[in-house]
Each structure stands twice: as structure tokens, then as C-alpha cells.
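In: coords please:
(2 chains)
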There are 2 protein chains.
Amino acid sequence: VTRARAQGGPWRPTRFTLRTPGGLSQILVGDGVLAQAGARAAARIKPGPCAVITSRKIFRLHGSRLVRALSAAGFSPSLVFLPDGESTKSIASLRSLYLRFLRARLERRSAIFVLGGGVLCDVGGFAAGTFLRGLPTVLVPTTLLAQVDAAIGGKTAINLPQGKNLVGMFHQPVLILSDTATLATLPSREVRAGLAEVVKIAAALDRRLFARVERLAPRLVRGDRRALTEIVGRAARLKAAIVARDERDLSGVRALLNYGHTVGHALEASRGYRGVLHGEAVAIGIAAACRIGEALGTLPAADAQRQIALLETLGLPVRLPPRVRARSILTHLRRDKKAQGGRIPFVLTASVGSANLANQVTDRLLSRVLDEMGAVGLGG
Amino acid sequence: VTRARAQGGPWRPTRFTLRTPGGLSQILVGDGVLAQAGARAAARIKPGPCAVITSRKIFRLHGSRLVRALSAAGFSPSLVFLPDGESTKSIASLRSLYLRFLRARLERRSAIFVLGGGVLCDVGGFAAGTFLRGLPTVLVPTTLLAQVDAAIGGKTAINLPQGKNLVGMFHQPVLILSDTATLATLPSREVRAGLAEVVKIAAALDRRLFARVERLAPRLVRGDRRALTEIVGRAARLKAAIVARDERDLSGVRALLNYGHTVGHALEASRGYRGVLHGEAVAIGIAAACRIGEALGTLPAADAQRQIALLETLGLPVRLPPRVRARSILTHLRRDKKAQGGRIPFVLTASVGSANLANQVTDRLLSRVLDEMGAVGLGG
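Out: Got it, this is the predicted structure:
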């Protein structure tokens, strides 16, 4: 037993339970926990025929370890491969998943495992939540973004040609198994993008986590496993605490997790979801929210600077990408606005670790801030 | 105030609440309650743009009353027509519903109204439960079967080419408004088929309701509105009580509502769902369950006879239709069996009003009983 282990330090897996009206999710975060998938799942679901939804690329990296763990616990997995990428979140994918579930002779209490990032968790979770009115689901997120954010909270979705995540449901997985060892296979750009969601939740809700990320930043960017395991565990626990208070995103509490996402989504949409990673768009959105708060006088300049500085330390963008015009982001924001009844719930921070819903953000202010953020070299 | 009203008699609407982990449903059963749709809905959902899912045929009968009530309460309904019939429970219908919801600019808190029978409640409820991860839904069932059974309990579903109800979710409506005046427009065969579900729930769970149906049978068959209103209210309340105890159909309690459905479903499947109404198949299934219980010695002959006699009084079939072979029903039953892991949960009654899950029903016994039921003229 190492010192860290004895103290319950970062090498020890983080294990906790998320209770919602939708059910009870066990969450396990740790280096190497994939090997426990079979035994942990068997504690909640009777072993038997099951499906593993993944992509060929992810399966090549982590699949055999998962299949071995499941088989050892008495599960008989049928593999279901989906293409990578956002376009896999479609009605066509659902149709093919249902067909594979039927061929695998899945029953109402059979397990669905999803091995992959946010896209696969979204579409696989939705298929699992709707086949035979819902099968027990185990998520094994393999990206940092999915481990700290997408896999936790039961949101599932597919896209329609008219927009992202327009169809979905809340389906709480019975188990979320985040093996931080899988993060070693990610490109460093994707690790950094995932860290943007950590900055988001820390800046919005937990100044101690924020300070810890500041301290660990150089190690996180290097992909240090101990640092990542600690931060993923803490971020996941924080997300779960929010979900426990507002599973269905109705009371406004869960909406605070949209910090950085209003401008972020509009930026992604304005680029047709190409060229910029979701986490990168969120980083730019956080920077925008900081500038807005500063301009409104609701966020001290030091707190704004601190957030922007951390994003920069993590190698994340805090300005608009070249050739993106403020005006096109505004157009997409206004469309979003309309879709929500004329009021856009803009999340701002009052200080590091304290977010709230604001509705005093005018188009004019937003336009000015975005203009400033596009002009390289202008101060913040 | 009439005497019945003053005593809380059958002319007074039945109003009660169904509480489940999935939410809170208000249920209102009464003659003419459709006129209250707008006001009742507005008590739970902020009026604004909304969708009304229905068929052209049903809209012609009841649509203008619903639209008038909604408009008076401040709702702006967009009408969405689906074809009648089981084949409308498809992925294609979902796709077109989502498109119409987008065109109607529905938001996360917009209402979906479904005006129609079980098929429309199933597919409309599923679309409502998945669009933007779930919109508040009001069901206005217009068939007896939907009022006493299908609309209550949150089960929604679509079919796949491989089978019925293979995809769906639990989505509790915020309001179920059963106007028994709409039953006057039903063909009498459909009213009788709906009464089969009343016999089912009474025989399985409530001998006092069963006795009341026996007493009211001649009036129910004539379509007497006062008798129907009383029985629909009582059956709906009973169903809701079961759902409250076992929303997700997991503990075995809700499974008791499958009384008569095991053989019933197999019969429907063996006929390709043509020629026999669901309620008629259920009546035959109840008769089969009675004969099985009698043969096993677990149901007194008098209790079996009483159930079969009530079905006959209501003009429902208690024998296999001509040209249906016992063997083909057995084939479908075995397929079902396989799909549930080799064990078929057969619901039997021990007496009128008391059902339980039995697993002592052998293929041989079932085969003998079905053979007897096919041979017209042999005693029961």
C-alpha cells in the first residue's frame, strides 16, 4: 500500500453513488478500473447475453480488456460497432442498434455496455433507454470529456438534420466506469479540450477544485495519470452532485453547467461543427463570459483574468479562431434565443467558483465583447 | 345538483392523482370533461404554442371541441395528423412528428396533446417523451380501451418490423382527460372490446368491481353513458393504483395486468393482428386462463364459469375464432417464451379478483386447453 493509497489519495479509485428519481448510478473512477467491469456490472445486472456498443477504433485500443472482464463475470457480449463522429448520432444508427439487440436476443434485463466517448454514450445510451422500454446500461467513457461530463447525468440524445441533441431522453446508467488509463491513448489536443469542461465546472461551482487544477495544470497537460485520476474523480463527483439536485434540468441548478456553452455552441454551429473541438469552443465561451462579467461589473477583473489565464496554461483558445466573425456567432445565438422563447439563460460567474443565471446580457454588449475577442492583440 | 352528484355518484367526474418516480399525473374521467382540457392543462403547463396529435377521423369527431378549449385557455395548437391503425406506430411516424414539432417551434416546456386511441397515445407519447428529452404531455383518450388501460401508466411504444412495442419509454403524462362522451361515437364492437380490459383488471384485482360490471353489463353493452362513466372511472383508478406500486413493471405487480394477454397476444400474432380486436383476443385469453386454472385445480369451477359468463354477457368471444389452430398459437407462445429466457410469466386467478404469477403451466396443458377451445360445441 503506497502512501497515497493509505491516505485515500489520488491512486485510489473514487467511488460514489448518484441517486436521482430516475434511479441509482454507481460511479467508479480510477486507473485500470476497466478490469473490474464484469464484476462491478454483475453486482447490479444478472450476467447473460449483452451488447457492447463501441467503434472499431476504440475497440482496437480497449475492447479486448473489456470483453475479457465481461466474459470472466459470465456475460456473453455481442459487439456492435458504430462509426466515429457526430454524424453517428442519428435515427439510422438507432435502427441498426435495435436490429443488433434483437439478433443478440437481448431481454428486458440484459445489459448494454457503451465503450467510447460522448457521441457513443449519447446514441448508445438512447438506444439502451428505449429498447424494450429501457435496458440496464453501463457506460465506460474513454475520453476525458465523457469521463468528467457527458457520461454523467443520464442525458442521452441523437441529432436531427435540423440540429444537435433535438431528440433524447434521461436514462441513468446503473454503472459508470471511468478508467483514466484509457486517457493515455488520446491525442493531447483532446485531453486539453476535456480539461475545458473541468475548468468550466470548477469555475462555475468549486473554487477549491479550480485552485487544484491551477496547481496541477502542467502535469494535466502532460497527461500525468495520477493528476488526471484525481481531477476526473473530483469533477465527476461535482457533476453528480448537481445532477442529484436537478436531474431533469428544470430548476436552473443543472443549467449552471452550461457555463461557457452559450457562446461555445453558437461558435460550433457557426463553423458547422468543423475544425473546433467542443472543449475548445467551451474555453472560448468561458473567456467570453469572463469579459462580459467584467464589462457588466459583476465579475472582478482578477477573477476574470484567473479563468482566462488557466485556460491559456492548459493550452486552450481564449479568442475567436481566425476567420470567424462575431456577427455569425451572434446570428446563431439569436436563433438559439428564439428557440427558447426570446430569453437566453446566460451563465456568468460572480467570482471563481460561483456561477449564476443572468439575463442582463444585451446583444450590444455581446457584440462588443466578441468583436474584441476576434481582434488578435487587443487586451482582455 | 342532482342526487347522483350530491352523493358523488357516477355523473360526477372521477378525479385522482397518480404519483410515480416518473412524475405526477392528474387523471380526470367524466362525461363532457373534454371542455375542461384547456383550463386543466393550463393549471400544469404554461399556455403557448403546442401540438395536438390526432387522426383526421378522430379530429372530425372531437377535434373542434378540444381546439376550442385549448384556445380559450391561451394555447396555440398546431395540428399533427397521423394515419389510423397499428402501422402508424413506426420510426417513420416519429420522424414526421419531430419535424412538425420543430416547425411549430415547440420548446422544452411546450405541451403535446394526444387525441385518440391507444395507438396514437403510444406513438404520440413516445415522440413527446423524446423530443428535447421530453415535453409535458396531455392524453385525451377517445376509446374505451385507451381510457381504462392504454393511456394510464406512462408506457409508450412504437413497433419494429420484427415485433410490436419493441421500442418505447416510460413517460408519464401530466394529465389524462377521459371524456366518456366520446365513447358514444365508437362502434359497439369496439366498446365491447374495451370492456374486455375492464373484465381483465376486475377479475385480476377487484371482485367488487367485477360484481359491479356483472350488474351493469346490459347497460354497458348498450353504451349507457352513466354506467360507462362509473366503470371507466373505477377501472382507471385501479390501474393507476397498480402503476403507482410498480411503474417500471419490474416487481411483478404490474405484470398482473397481463391477465389474459399471454394467449391473447399469441392469438393476435398468429392472425397477423388482423380480424380480431385486441380486447377480443384478451377475452379469449381470459377464458383460456380460466380453463387452465380449473384444470390445475387452482381456480374453483364456479369462479372460472363466472368470468367466462361475464365475457359472454358482454358479447365477447370465449373460444378460438374459426380456422385458428391451437398449434399456431402455441408456436407464437413458444417464441414469446424464448424471448423471455425460457420462462413465461403466465397470470392466473385463484378466484375472481385475485391474480398471481404462475409458472406451472406446461405446453401440454396449454395445448389441451386450446384444442378444447377451438372445438365449437364442446363444454367449458
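
In: what are the ranges of the strands in the stretch 51-200 of chain A?
Out: A:76-81, A:111-116, A:137-141, A:155-160, A:163-170, A:175-179 (DSSP state E, counting those that start in this stretch).

In: which one of those strands lies nearest to chain B?
Out: Among these, strand A:163-170 comes nearest to chain B, with 4.7 Å by CB to the nearest CB. C-beta coordinates here come from the backbone N, C-alpha and C atoms, glycine included.

In: and the closest one, how far from the chain's centre?
Out: 15 Å (CA atoms, centre = their mean, to the nearest Å).

In: stretch A:218-228 too?
Out: Put simply, stretch A:218-228 sits 18 Å off its chain's centre (CA atoms, centre = their mean).

In: before we move on, what about stretch A:287-305?
Out: 24 Å.

In: try stretch A:142-162
Out: Counting by CA atoms, centre = their mean, stretch A:142-162 comes out at 6 Å from the chain centroid.

In: buried ones in it?
Out: Neighbour counts over stretch A:142-162 (16 or more other CB atoms under 10 Å in any protein chain shown) mark A:142-160 as buried.

In: helix or strand: which one has A:Met243?
Out: Quick fix: residue A:243 is Val, not Met. helix A:225-245 (DSSP states H and E).

In: one step back: can you lay out the strands of the stretch 51-200 of chain A as CSV showing mean pLDDT and distance to chain B?
Out: Converted to CSV, these look like this (pLDDT from 0 to 100; distance: least, CB to the nearest CB, whole Å):
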stretch, mean pLDDT, distance to chain B
strand A:76-81, 98, 13
strand A:111-116, 98, 14
strand A:137-141, 98, 13
strand A:155-160, 98, 6
strand A:163-170, 96, 5
strand A:175-179, 98, 18
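
In: what pairs with the helix or strand harbouring A:Ile27, parallel or antiparallel?
Out: Per DSSP H and E, A:Ile27 falls inside strand A:23-30. Looking at strand A:23-30 with DSSP bridges, its partner strands are strand A:14-20 (antiparallel), strand A:175-179 (parallel).

In: winner for burial among the ones you listed?
Out: Of the strands paired with strand A:23-30, the one with the most neighbours on average (mean count of other CB atoms under 10 Å in any protein chain shown) is strand A:175-179, at a mean of 27.

In: what's the offset of it from the middle of its chain?
Out: 13 Å.

In: list of residues touching it?
Out: In this structure, residues lying in contact with strand A:175-179 by CB atoms under 8 Å, 6 or more residues apart in numbering or on different chains are A:25-34, A:36-37, A:40-41, A:44, A:62, A:138-142, A:147, A:151-152, A:232, A:236.

In: show me what from the stretch 1-150 of chain A comes close to chain B.
Out: A:21-22, A:48, A:91, A:94-95, A:98-99, A:102, A:105, A:107-108, A:129-134 (CB under 8 Å from any CB of the partner chain).

In: can we see that at 6 Å?
Out: Within the stretch 1-150 of chain A, the positions lying close to chain B (CB under 6 Å from any CB of the partner chain) are A:Pro21, A:Tyr98, A:Leu102, A:Glu107, A:Thr130, A:Arg133.

In: roughly how far does the spatially closest residue to A:Ala39 that is not a sequence neighbour sit from chain B?
Out: Closest residue in space to A:Ala39, ignoring its immediate chain neighbours: A:Ala73 at 5.3 Å, by CB to CB, 6 or more residues apart in numbering or on different chains. Distance, A:Ala73 to chain B, using CB to the nearest CB, to the nearest Å: 18 Å.

In: for A:Ile152, same thing?
Out: Taking CB to the nearest CB, one finds A:Ile152 at 16 Å from chain B.

In: do A:Ala287 as well
Out: From A:Ala287 over to chain B the distance is 28 Å, taken as CB to the nearest CB.

In: what about A:Arg319, neighbour count?
Out: 19 (other CB atoms under 10 Å in any protein chain shown).

In: quick one: it and A:Met373 touch, right?
Out: Yes: here A:Arg319 reaches A:Met373: they are 5.2 Å apart, a contact under CB atoms under 6 Å.
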